[in-house]
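# Quick check, what structure comes out for this input:
(2 chains)
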Number of protein chains: 2
Amino acid sequence: MHKYLGLLVLIAGAAGSLFLFNTNRVSAQTQHSTAVFDADGKLKLPTGYRGWVFVGAPLTPNALNNGKANFPEYHHVYIEKQNVDAYLKTGSFPEGTVIVKELTRVLNPTFPDGSRTEPSGRGYFNGEYNGIDVTVKDSKRFAQTNNWGFFTFGHHPLPYSETAAESSVAQCAGCHIANVAQTDMTWIQFYPLLRDKKGY
Amino acid sequence: MHKYLGLLVLIAGAAGSLFLFNTNRVSAQTQHSTAVFDADGKLKLPTGYRGWVFVGAPLTPNALNNGKANFPEYHHVYIEKQNVDAYLKTGSFPEGTVIVKELTRVLNPTFPDGSRTEPSGRGYFNGEYNGIDVTVKDSKRFAQTNNWGFFTFGHHPLPYSETAAESSVAQCAGCHIANVAQTDMTWIQFYPLLRDKKGY
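Residues are numbered from 1 along each chain as shown, chains lettered A, B, ... in the order given. Below you'll find the model as predicted:
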């Protein structure tokens, strides 16, 4: 018996290790989405998104949009890493992907175009948080709008709404369908990490 | 012997699991910094930073800076999560903190101010990657410049330089000392996550 004991102990140790690896893998596979819907189909405000992977920062200053941009003003766009990775591999986002666009104002404009001067130069700098729009990929729920649902939690300073009903096609999906249907409904052309595929 | 065998196997399995946990924990604790210096004190180009926590996107368009901004043009700023968390808790960054500022051009300007019009409005959108500046907190190495060293890997499209010598005080540190010495040499006033302390 003794001569097999060392071997058995080794195998059991390896099995213990594998068990851990496997539980991690299973939990990653079963966690399809961080999107949470209530009984009325309203989306709950996502949390933790400022720690997700940042993909781009379009900026539409109020001052360049007749004083009132549709999305005022910086748009910080965040996607969870596993979904960024899947897009880079396949060219489309996995079921359950959540994309968060958080707005910030520009900081205290002094020029008519909304810019100001700081030691680094004349330009734009992030002011206060100013709202959040979210898209969720769910081919059952949002089959009518190319598999994506669109939600806004307000375009204003904190606090944001706690829940949001799906926006109308005219408000959101229509513009995505018209412009970016071929890149999984997402403005990949503005997001260097996804567009240029140079990795992290 | 048989009666102890099951117990031994269990213990070995648990030990295998603990071994994994412990190696992870130890490597996290001893890895103070992702900064790597060569024998000449040059900093190696950081990797993986596009997956770090994004804190802000100042934008100094060339068109608003006599055709040649000092930092052309978007400045995407990234910091590792544990160092963001430490700053939020203590008001200063831990020894070893690395802050990466990656530049991107603005996408195909059509107006004299460098902006263009897209379905979301008139403004600025991220073009190609255009360079990288890095600061490292190391109170021994950089005692002369308030504990931070400043490095540039070029302001131009990929590929960036593989290593960078410390920039002169006139090039970098001087401006930080003059303007942001009181916020650990960092432009916290432009980074909502750090400035406004609303969490993730």
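
# mind listing what the longest strand along chain A pairs with, with the direction of each?
Criterion DSSP state E: the longest strand present in chain A is strand A:126-137. The pairing partners recorded for strand A:126-137 under DSSP bridges are strand A:98-106 (antiparallel), strand A:148-152 (antiparallel).

# would a markdown table of the ones you listed with mean pLDDT and mean neighbour count be doable?
(Each C-beta comes from the backbone N, C-alpha and C, glycine too.) Listed next are these as a markdown table, based on pLDDT from 0 to 100; neighbours: other CB atoms under 10 Å in any protein chain shown:
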| stretch | mean pLDDT | mean neighbour count |
| --- | --- | --- |
| strand A:98-106 | 98 | 23 |
| strand A:148-152 | 98 | 23 |
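
# Spatially central residue for chain A, please.
Ranked by distance to the mean C-alpha position of chain A (CA atoms, centre = their mean), the top residue is residue A:99 at 2.6 Å.

# if I pick that residue, what's in contact with it?
The contact partners of residue A:99, by CB atoms under 8 Å, 6 or more residues apart in numbering or on different chains, come to A:77-79, A:93, A:134-136, A:186.

# Go again with 6 Å.
Applying CB atoms under 6 Å, 6 or more residues apart in numbering or on different chains to residue A:99 gives the contacts A:79, A:135.

# Would you mind naming the residues that bridge with it?
residue A:79, residue A:135.

# The nearest residue to residue A:181 once chain neighbours are set aside - how many residues pack around it?
Leaving aside its sequence neighbours, residue A:181 sits nearest to residue A:146 (CB to CB, 6 or more residues apart in numbering or on different chains; 6.0 Å). Neighbourhood size, residue A:146 [other CB atoms under 10 Å in any protein chain shown]: 15.

# now swap in residue A:142 and tell me
18.

# Now it: phi and psi?
phi -120, psi 40 (degrees, to the nearest 10).

# ok, it touching residue A:149?
Yes - if you go by CB atoms under 6 Å, residue A:142 and residue A:149 touch, sitting 4.1 Å apart.

# Number of residues surrounding the residue lying closest to residue A:61 once chain neighbours are set aside?
Spatial nearest neighbour of residue A:61, excluding adjacent residues (CB to CB, 6+ apart): residue A:114 at 3.6 Å. Look at residue A:114: counted by other CB under 10 Å, it has 25 neighbours.

# Residue A:114 and residue A:60 touch, don't they?
No - using CB under 6 Å as the test, residue A:114 is too far from residue A:60 to be in contact (9.8 Å).

# Check what pLDDT residue A:9 gets.
Listed pLDDT for residue A:9 reads 46.

# same question, the one 5 residues further on
With respect to pLDDT, residue A:14 scores 47.

# next one: residue A:68
Looking at residue A:68, the pLDDT reads 98.

# what's the domain layout of chain A?
Using automatic domain parsing, the domain ranges for chain A come out as A:1-30, A:34-196.

# Quickly compare the ones you listed and say which is most buried.
Among these, domain A:34-196 has the highest mean neighbour count (mean count of other CB atoms under 10 Å in any protein chain shown), at a mean of 18.

# for it, the distance to its chain's centre please.
7 Å (CA atoms, centre = their mean, to the nearest Å).

# need the contact list for residue A:172.
residue A:150.

# Next, it: phi, psi?
phi -140, psi -60.

# do you know how far it is from chain B?
Using CB to the nearest CB, to the nearest Å, residue A:172 is found at 11 Å from chain B.

# sorry, back to before: helix, strand or coil: sort out the residue nearest to residue A:61 for me.
coil (DSSP: H, G, I helix; E, B strand; the rest coil).

# and stretch A:79-88, average pLDDT?
Mean predicted lDDT for stretch A:79-88 stands at 98.

# ugh, wrong one, stretch A:189-196
98.

# Which residues does that stretch contact?
Residues contacting stretch A:189-196 (CB under 6 Å, 6+ apart): A:55-56, A:58, A:87, A:188, B:50, B:104, B:125-126, B:129.

# Do a quick rundown of the strands in chain A.
A:43-44, A:53-56, A:74-79, A:98-106, A:116-118, A:121-123, A:126-137, A:148-152, A:163-164.

# what residues does the longest one touch?
Strand A:126-137 has contacts (CB under 6 Å, 6+ apart) with A:35, A:72, A:74, A:93, A:97-107, A:147-158, A:160, B:56, B:190, B:192.

# again with the third one
Counting by CB under 6 Å, 6+ apart, strand A:74-79 makes contact with A:49, A:52-59, A:99-102, A:104, A:126, all of which sit outside it.

# and what of the second one?
Contacting residues not belonging to strand A:53-56 are listed as A:77-79, A:81, A:84, A:190-191, A:193-194, B:51, B:54, B:126 [CB under 6 Å, 6+ apart].

# Repeat that for the fifth one.
For strand A:116-118, contacts defined as CB under 6 Å, 6+ apart pick out A:108-110.

# Recalculate using a threshold of 8 Å.
A:106-110, A:122-125, B:58, B:190.

# how about low-confidence regions in chain A?
Residue ranges of chain A with pLDDT under 70: A:1-32.

# Output stretch A:161-171 as PDB - backbone C-alpha positions only.
Extracted in PDB, the C-alpha atoms of stretch A:161-171 (Å, rounded to 0.1, in the frame of the first residue of the first chain):
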ATOM      1  CA  SER A 161     -32.600  57.100 -12.400                       C
ATOM      2  CA  GLU A 162     -32.700  53.700 -10.700                       C
ATOM      3  CA  THR A 163     -34.500  52.000 -13.600                       C
ATOM      4  CA  ALA A 164     -35.200  52.700 -17.200                       C
ATOM      5  CA  ALA A 165     -37.800  51.500 -19.700                       C
ATOM      6  CA  GLU A 166     -36.700  50.600 -23.200                       C
ATOM      7  CA  SER A 167     -36.300  53.700 -25.300                       C
ATOM      8  CA  SER A 168     -38.300  53.900 -28.500                       C
ATOM      9  CA  VAL A 169     -36.900  53.100 -31.900                       C
ATOM     10  CA  ALA A 170     -37.000  56.800 -32.900                       C
ATOM     11  CA  GLN A 171     -35.000  57.700 -29.700                       C
END
